[in-house]
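Participant: This is a predicted model, with the sequence first.
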2 protein chains.
Amino acid sequence: MHPDRPRTIACWFELASTYSYIAAHRAPALASRHGVHLQWRPFLLGPVFGAQGWRDSPFNLYPAKGAYMWRDMERLCHRLGLPFRRPSRFPRNCLLAARVACAHAEAPWCPDFVRAVYRANFADDLEVGERAVIERLLASVGQDAQPVLAHAETPEMKAKLRQHTEEAVALGIFGAPTFVVGRELFWGNDRLQDAIDWAIAR
Amino acid sequence: MHPDRPRTIACWFELASTYSYIAAHRAPALASRHGVHLQWRPFLLGPVFGAQGWRDSPFNLYPAKGAYMWRDMERLCHRLGLPFRRPSRFPRNCLLAARVACAHAEAPWCPDFVRAVYRANFADDLEVGERAVIERLLASVGQDAQPVLAHAETPEMKAKLRQHTEEAVALGIFGAPTFVVGRELFWGNDRLQDAIDWAIAR
């Protein structure tokens, strides 16, 4: 490791992504244990999928893959002790939640907000696309929803989320979560430990 | 575990599949260590992908996914000490090799033949679609190629491989390798240990 270079992992995540839910809950403790710094990078998978010709989640477009994913999520969450209920709608529109996460990425409450959105979607089956739900989730992490949302919806912050998504594509990202260490990509919750090992070994 | 039920994992694999190469090399030692029996089930991904509207490997159809996969293979093989060279053609036609593996699935030399095909394709960049290459690989595992191939190309054995592929689809398999324990599917080299854990816990 170069002592002047922090061991940093950029965590590219999509709030509607099932496996990102698991990774967002596992990453902080794992990273802390290994002395690795996490940078949270929200982006939107919709435009990334759209560029590949998909107008829906591949888990909906390819039913066998989708059926497998839901069962896999059940098993993984059960093993990790994470609450999970297959949501009645998938994927949910997470644009507003992503704008909040992007605009307030440096705020100390942001990781808690992100995990609250995942739990609402994948454990409590709440309509996280609705503003009222996001307001309640912000309140649950101690935030005053109105100023938080007002900042997230400024043109500058909307543009920032679009830039994140363009940057994700430029990095070669095609799914979420993706962990980036230097120029190395690690795709999927399954590669979190590999990303940490790579960051430590640099 | 039910004492009257053997701990068995059906390993559904495609000889042209990159991650199946890794799994085929890892599985025997892992299974043996845990007292689990492996059933090798060759099938063809082409018809499975075709049913989803794909006329090529998704790693070719989706370049970002493909670029990631090749780098991921390099890293994984390096860590496991498996030889790897990105083949100059992908995917290679593995129909004849799959017919051999299917017709002779119970032969004690079959797992060695399967691993030889993978190494030829993914470490030595050989045209495993060519009959002469398959003949040499059979010789390398101590077999007389002519009778082996003659049996593999009987109508009954050709039908057996088609039946395997139909059975894979019926099981909900959409990629390779897939490990099946009872009614549970575990997709990908990344899920091999999970499949073993599941087989042991039954």
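Facilitator: Received the coordinates, thanks. Because the structure is a prediction, the values reported are computed rather than measured.

Participant: how about the residues of chain A that lie near chain B?
Facilitator: Residues of chain A found near chain B, taking C-beta under 8 Å from any C-beta of the partner chain as the criterion, are A:52, A:62, A:64-65, A:67-68, A:71-72, A:75, A:169, A:172-175, A:184-185, A:187-188, A:190, A:194. Just so you know, the C-beta spots here come from the backbone N, C-alpha and C atoms, and that holds for glycine as well.

Participant: Apply 10 Å and report the result again.
Facilitator: Taking C-beta under 10 Å from any C-beta of the partner chain as the criterion, chain A approaches chain B at residues A:48, A:51-54, A:58, A:61-69, A:71-72, A:75-76, A:79, A:169, A:171-175, A:178, A:183-191, A:194, A:197-198.

Participant: And the buried ones among those residues, selectable in PyMOL?
Facilitator: If you want just the buried ones from the residues of chain A next to chain B in PyMOL, going by 16 or more other C-beta atoms under 10 Å in any protein chain shown, the selection is:
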select buried, chain A and resi 48+54+58+62+64+65+66+68+69+71+72+76+171+172+173+174+175+178+184+185+186+187+188+189+190+191+194+198
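
Participant: Sort out which of the residues of chain A next to chain B are in strands and list them.
Facilitator: Among the residues of chain A next to chain B, the residues falling in strands (DSSP state E) are A:178, A:184-187.

Participant: Would you reformat those as TSV and include pLDDT?
Facilitator: Converted to TSV, these look like this (pLDDT from 0 to 100):
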residue	pLDDT
A:Thr178	98
A:Glu184	97
A:Leu185	98
A:Phe186	98
A:Trp187	98
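
Participant: For whichever helix or strand A:Glu156 is part of, which outside residues touch it?
Facilitator: Per DSSP states H and E: A:Glu156 is located in helix A:155-171. With contacts defined as C-beta atoms under 10 Å, 6 or more residues apart in numbering or on different chains, helix A:155-171 is touched by A:10, A:12, A:14, A:41-48, A:51, A:95, A:98-105, A:150-152, A:154, A:173-176, A:178, A:180, A:183, A:185, B:64.

Participant: What residues sit buried inside that helix?
Facilitator: Of the residues in helix A:155-171, those buried under the neighbour-count criterion (16+ other C-beta under 10 Å) are A:157, A:160-161, A:164-165, A:168, A:171.

Participant: What's the mean pLDDT across that helix?
Facilitator: With pLDDT averaged residue by residue, helix A:155-171 scores 97.

Participant: So A:Ala105, which state does it fall into?
Facilitator: coil (DSSP: H, G, I helix; E, B strand; the rest coil).

Participant: Just list whatever residues bridge to the closest residue to it other than its chain neighbours.
Facilitator: If the residues on either side of it in the chain are set aside, A:Ala105 comes closest to A:Trp40, at 5.8 Å by C-beta to C-beta, 6 or more residues apart in numbering or on different chains. In this structure, A:Trp40 has the following beta-bridge partners (DSSP bridges): A:Cys11.

Participant: What ranges does chain A have for its helices?
Facilitator: Secondary structure of chain A by DSSP state H: the helices cover A:18-33, A:45-51, A:58-61, A:63-80, A:95-103, A:110-122, A:131-140, A:145-152, A:155-171, A:192-201.

Participant: can you list contacts of the last one?
Facilitator: For helix A:192-201, the surrounding residues in contact (C-beta under 10 Å, 6+ apart) are A:1, A:5-11, A:19, A:22-23, A:26-27, A:30-31, A:33-38, A:177-182, A:184-188, A:191, B:72, B:75-76, B:79.

Participant: ditto for the second one
Facilitator: Here helix A:45-51 makes contact (C-beta under 10 Å, 6+ apart) with A:12-17, A:20, A:44, A:54-58, A:61, A:91, A:93-95, A:98, A:162, A:165-166, A:168-169, A:173-176, B:62, B:64.

Participant: try the shortest one
Facilitator: When contacts are taken as C-beta under 10 Å, 6+ apart, the neighbours of helix A:58-61 outside the stretch itself are A:17-18, A:45, A:49, A:52-55, A:65-70, A:90-91, A:175, B:52-53, B:58, B:62.
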